[in-house]
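S.K.: Dropping the sequence and predicted coords here.
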Amino acid sequence: MEPNSKSRKESILIKYAIFSRLLLLFLTVLWRSFLQPYDTSAALNPPCLHHRDVSEASPQLLLVANTVSKTLENSVVWDSVYFLRISQCGYEYEQTYAFLPLLPFFISLLSRTVFAPLVPVIGLRAVMVLSGYVVTNSAFVFAAIYLFRVSVIILKDTEASFRASVIFCFNPASIFYSSIYSESLYALFSIGGVYHLLSGASNVAVLWFALSGCARSNGILNAGYICFQTMHRAYEALYLKKRVCLSVQVLVTGFLRCVCICLPFVAFQAYGFYNICHGHKLDELRPWCKAKVPLLYNFIQSHYWGVGFLRYFQFKQLPNFLLASPILSLAVCSVVSYMKTRPELFISLGFQASEKEKRSSARLYSLKDALEPDVVTSSNEGKSDIRQRKPIRKKDVTVTNAAANSNSPDLSGYFSADVFPFVVHLGLMAATAFFIMHVQVATRFLSASPPLYWFASHLIASPKHSKWGYLIWSYCAAYILLGSLLFSNFYPFT
């Protein structure tokens with residue numbers, strides 16, 4: 001792909017991303033001006049349980065900016081209330097530990113530095129609200145950029161990558177990416193981590209994946225990408241190159257990287273255990289404190305929100321299943337379609353990818369650090385890869401050689417071997433959302449998964465699936481309108 005073409009597409013994408021955030025802001029203000037919020041208690045701000053010396057607005061200045069302050073504070077709904085409270089007062093109650101600290105940290109940092117001069121004018125809480133909106137909306141724009149860059153590497157098609165990224169800009173969960181929720185930060189650090197992993201900066205990728213785990217608990221699932229890469233590199237080192245020491249080194253390195261990704265989440269659980277369980281008598285301890293593995297997060301999800309395997313399968317929850325059915329249907333179709341096209345990859349966990357695909361893979365299969373693969377535009381699809389690599393010795397070829405001689409064609413775009421680990425990741429998350437979580441949360445839970453947008457882009461570009469393009473865009477538009485209407489007015493959405 002021409003560098004100028006990629007830069008031009010990226011510039012256009014940034015405009016789309018910013019426009020989509022402004023559109024959500026406009027719709028939110030519009031709906032709030034027409035409807036009375038279902039719950040008007042969001043603006044209440046009782047004093048912190050533990051005293052904190054914070055500067056509030058002076059009464060004279062606050063009167064001047066009263067409208068701005070009230071508008072900002074009244075926009076805080078649903079989980080945003082928790083994030084702001086944590087930013088201001090820390091973790092006061094047991095259930096607040098369900099909300100991980102990355103977003104509150106950025107809100108607190110920004111409100112006490114960049115926006116600190118506004119505190120005397122509109123008050124600390126209003127400044128924190130403003131900081132939260134700046135953090136989440138800025139993170140979304142960067143997440144869209146990283147999705148485009150990852151898509152270019154994986155799909156090797158500029159137009160398909162751009163199309164997928166534009167769909168992400170107007171995804172059905174858009175309202176949450178413009179609110180004080182952790183989805184934007186999670187998307188940024190998970191997709192950005194994938195980009196750095198594909199670019200060869202594995203240690204940087206580990207840091208980004210670890211930060212995604214500080215934003216949302218499912219960030220630890222990003223360790224799966226490291227596991228997949230480690231598995232294939234260890235196989236190549238042991239069975240193809242016959243180097244035992246190298247394979248051990250690969251396994252140890254991969255294990256340590258996975259530990260680093262999970263460490264922040266585990267450390268946060270330890271922090272909660274220390275604050276709630278430490279220093280109390282046995283009969284005063286909370287039930288989870290006495291468990292062999294005291295996991296605060298699991299207890300909160302189960303005890304306060306009723307999360308658990310099949311616990312949401314109730315007739316009264318049927319509307320919520322219907323609300324989540326479009327995103328779950330798209331996820332299932334994307335996984336099943338890939339499985340039908342590339343069954344050999346699912347059976348062999350990717351080991352039966354052809355030799356040509358492994359040579360052009362984006363650092364996911366090969367032990368060697370490969371150069372960035374060539375990327376073609378849609379008009380140039382089908383051209384052969386002109387890069388050549390040193391031939392592999394006969395004794396180094398086993399299963400991969402058999403795959404190369406098989407009848408399965410070398411596929412590109414969504415059905416390339418590089419997409420396989422992402423499809424597996426999506427399948428695991430979709431199963432978790434359907435069987436364990438509050439199913440309506442699936443819309444935003446799955447919204448940061450790249451294969452959804454790659455598959456949607458594939459359907460939109462396919463002439464025989466032209467009707468699907470209309471349905472996908474209609475679905476996105478409907479949920480943007482519905483989400484901005486219901487969510488902003490404190491009505492249940494997802």
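M.R.: Structure's in. What do you need?

S.K.: Contacts for stretch 415-428 next, please.
M.R.: 153-156, 221, 224-225, 228, 331, 334-335, 338-339, 341-342, 345-346, 350, 353-354, 357-358, 361-362, 364-365, 411, 446, 449-452, 454 (Cβ atoms under 8 Å, 6 or more residues apart in numbering). For glycine as for every other residue, the C-beta is placed from the backbone atoms N, C-alpha and C.

S.K.: what about V259, neighbour count?
M.R.: 13 (other Cβ atoms under 10 Å).

S.K.: what's the distance between it and S247?
M.R.: Per Cβ to Cβ, to the nearest Å, V259 is found 19 Å from S247.

S.K.: helices or strands up against the strand or helix carrying L24?
M.R.: According to DSSP states H and E, L24 maps onto helix 3-34. Secondary-structure packing of helix 3-34 (3 or more Cβ pairs under 8 Å, 6 or more residues apart in numbering; DSSP states H and E): helix 124-155, helix 158-169, helix 174-177, helix 466-488.

S.K.: try it again with 10 Å
M.R.: Counting contacts by 3 or more Cβ pairs under 10 Å, 6 or more residues apart in numbering; DSSP states H and E, helix 3-34 is packed against helix 66-74, helix 124-155, helix 158-169, helix 174-177, helix 466-488.

S.K.: Any idea how far apart the tips of stretch 340-357 sit?
M.R.: 18 Å (Cα to Cα, to the nearest Å).

S.K.: just to revisit the earlier point, which ones among the contacts of stretch 415-428 lie within helices?
M.R.: The helices, defined by DSSP state H, take in 153-155, 224-225, 228, 331, 334-335, 338-339, 341, 345-346, 357-358, 450-452, 454 from the contacts of stretch 415-428.

S.K.: before we move on, the earlier item: list the buried residues for the helix holding L24?
M.R.: Neighbour counts over helix 3-34 (16 or more other Cβ atoms under 10 Å) mark 6, 9-10, 13-14, 16-18, 20-21, 23-24, 27-28, 31-32 as buried.

S.K.: Could you list the low-pLDDT ranges of the protein?
M.R.: Per-residue confidence for the chain (pLDDT under 70) gives these ranges: 1-2, 39-44, 51-65, 359-362, 366-411.

S.K.: quick one, the helix holding L24 and helix 158-169 angle?
M.R.: On the basis of axes from the mean of the first three to the mean of the last three Cα atoms, to 10 degrees, helix 3-34 is oriented at 20 degrees to helix 158-169.

S.K.: Next, the angle from helix 3-34 to helix 466-488.
M.R.: Using the same axes, to 10 degrees: helix 3-34 against helix 466-488 is 50 degrees.

S.K.: Now do helix 3-34 against helix 66-74, angle only.
M.R.: Calculated by the same axes, to 10 degrees, helix 3-34 forms an angle of 100 degrees with helix 66-74.

S.K.: okay, the angle between helix 3-34 and helix 124-155?
M.R.: Following the same axes, to 10 degrees, one obtains 140 degrees for the angle between helix 3-34 and helix 124-155.

S.K.: I'd like the distance from helix 3-34 to the chain centre, please.
M.R.: How far helix 3-34 lies from its chain's middle: 19 Å, per Cα atoms, centre = their mean, to the nearest Å.

S.K.: what's the answer for stretch 423-431, then?
M.R.: With Cα atoms, centre = their mean, you get 13 Å for stretch 423-431.

S.K.: for stretch 263-280, same thing?
M.R.: Its chain's C-alpha centre and that of stretch 263-280 lie 25 Å apart, by Cα atoms, centre = their mean.

S.K.: contacts for that stretch?
M.R.: 90-94, 96-98, 100-102, 209-220, 259, 284-286, 288-290, 293-300 (Cβ atoms under 10 Å, 6 or more residues apart in numbering).

S.K.: List the buried residues for it?
M.R.: Buried residues in stretch 263-280, counted by 16+ other Cβ under 10 Å: P264, F265, F268, Q269, G272, F273, I276, C277.

S.K.: how far away is the first one from I300?
M.R.: Distance, P264 to I300, using Cβ to Cβ: 18 Å.

S.K.: Tell me how far A126 lies from I86.
M.R.: Counting by Cβ to Cβ, the gap between A126 and I86 amounts to 17 Å.

S.K.: Looking at the two, which is more packed in?
M.R.: Between A126 and I86, counted using other Cβ under 10 Å, A126 has the larger neighbour count: 26 against 22.

S.K.: Quick check, that one in contact with L72.
M.R.: Yes - taking Cβ atoms under 10 Å as the definition, A126 is a contact partner of L72 at 4.4 Å.

S.K.: In contact with A139, which residues are there?
M.R.: 103, 106, 177, 182-189, 192, 215.

S.K.: JSON lines for those residues, including distance to L238?
M.R.: Formatted as JSON lines, the contacts of A139 follow (distance: Cβ to Cβ, whole Å):
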{"residue": "L103", "distance to L238": "42"}
{"residue": "F106", "distance to L238": "43"}
{"residue": "Y177", "distance to L238": "43"}
{"residue": "S182", "distance to L238": "40"}
{"residue": "E183", "distance to L238": "40"}
{"residue": "S184", "distance to L238": "41"}
{"residue": "L185", "distance to L238": "38"}
{"residue": "Y186", "distance to L238": "35"}
{"residue": "A187", "distance to L238": "36"}
{"residue": "L188", "distance to L238": "36"}
{"residue": "F189", "distance to L238": "32"}
{"residue": "G192", "distance to L238": "31"}
{"residue": "A215", "distance to L238": "36"}
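
S.K.: For those residues, work out which two are farthest apart.
M.R.: Largest separation among the contacts of A139 by Cβ to Cβ: L103 and G192, giving 15.9 Å.

S.K.: sorry, back to before: mind checking which of the ones in helices among the contacts of stretch 415-428 are buried?
M.R.: Using 16+ other Cβ under 10 Å, the buried members of these are 153-155, 224-225, 228, 331, 334-335, 338, 345-346, 357-358, 450-452, 454.

S.K.: hang on, the earlier thing: compile the helices and strands packed on helix 3-34 into a markdown table and extend it with columns for distance to G308.
M.R.: Formatted as a markdown table, those follow (distance: least, Cβ to Cβ, whole Å):
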| stretch | distance to G308 |
| --- | --- |
| helix 66-74 | 34 |
| helix 124-155 | 29 |
| helix 158-169 | 31 |
| helix 174-177 | 23 |
| helix 466-488 | 25 |
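
S.K.: With V252 as the reference, name the closest of those.
M.R.: Nearest to V252, of all the helices and strands packed on helix 3-34, is helix 124-155, at 27.0 Å by Cβ to Cβ.

S.K.: Can you give me the buried ones in that closest one?
M.R.: Neighbour-count burial for helix 124-155, counted by 16+ other Cβ under 10 Å, picks out 124-155.

S.K.: and the closest residue to A430 other than its chain neighbours, how far is that from S131?
M.R.: Excluding the flanking residues, the one nearest A430 by Cβ to Cβ, 6 or more residues apart in numbering is A331, at 4.1 Å. A331 sits 33 Å away from S131, taking Cβ to Cβ as the criterion.
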